[in-house]
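Trainee: Return atomic coordinates for the entry below.
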Amino acid sequence: MKATGFTLRYIIIYAVVFAIVVWLFGVIPSSGVEAATAQASTWFLSLLGHTSTWVQKNGYTTLNLAGQRDVTVTIIRECTALNVLGVMAGLILPLQTNWIRKAKGITVAGILLFALNIPRIALTVYLTAYDTWPFTLIAERSLDTYHYPISFAFGVIGVALTILVVSRLTTPELEKTLLGIVDMTVGSNVQDSQDSP
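Mentor: Down below sits the predicted model:
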């Protein structure tokens, strides 16, 4: 794809708006989203036949799963996918398109990220509560044993899937802009290296 219509000024504005939006999503209150995440994760685990509860008290949201061992985790902002939604909103808001498409894109991204996040949390808590092969081969197992690899996998796949779905269903400008910026940046570097002696 050729980076037609993208100027250096547009890329700078895009980057500044992106940074501001991501920052805003990092500081807005998250207790409501933490509660919704804990409640949905509890519901999901209960739907699968597991005894799970959640509570929000003294500013902390916790989720408990009674398994081979009881596991209680604290649901914090980073557990809610709110920061990832901030990245998506930061990518969508500066697009050169109308506000209806932007609103639809952010809404679809929010729903999809929330829906993908619940199985991520449930799987992490489940594996911590139950000794499941092949993880039983790991001598020292803890929440972190499962949390980081599962979160990484869901993060990479989830963000890629979200960008793809939003681009296809609501905001095709997202794909065009991201590919255009990459093409312009990488393309100019390739051109510069070809021009040098």
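Trainee: pretty sure Phe114 contacts Ala81?
Mentor: Yes. Using C-beta atoms under 8 Å, Phe114 makes contact with Ala81 at a distance of 6.2 Å. (Glycine included, C-beta is placed from N, CA and C.)
Trainee: now the strands for the protein?
Mentor: 51-57, 60-66, 70-75 (DSSP state E).
Trainee: looking at these, which is buried most?
Mentor: Ranked by mean neighbour count, these are led by strand 60-66 with a mean of 19 (mean count of other C-beta atoms under 10 Å).
Trainee: before we move on, back to that, now the strands of the chain as JSON lines including distance to Met184 and mean pLDDT?
Mentor: Shown next, in JSON lines, are these (distance: least, C-beta to C-beta, whole Å; pLDDT from 0 to 100):
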{"stretch": "strand 51-57", "distance to Met184": "46", "mean pLDDT": "95"}
{"stretch": "strand 60-66", "distance to Met184": "43", "mean pLDDT": "94"}
{"stretch": "strand 70-75", "distance to Met184": "40", "mean pLDDT": "93"}
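Trainee: could I get those strands as a markdown table with distance to Ile150?
Mentor: Shown next, in a markdown table, are the strands of the chain (distance: least, C-beta to C-beta, whole Å):
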| stretch | distance to Ile150 |
| --- | --- |
| strand 51-57 | 17 |
| strand 60-66 | 15 |
| strand 70-75 | 13 |
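Trainee: Residue ranges in this protein under the pLDDT threshold?
Mentor: Applying pLDDT under 70 to the chain flags the ranges 1-5, 133, 135-137, 187-197.
Trainee: That's all I had, so thanks and see you.
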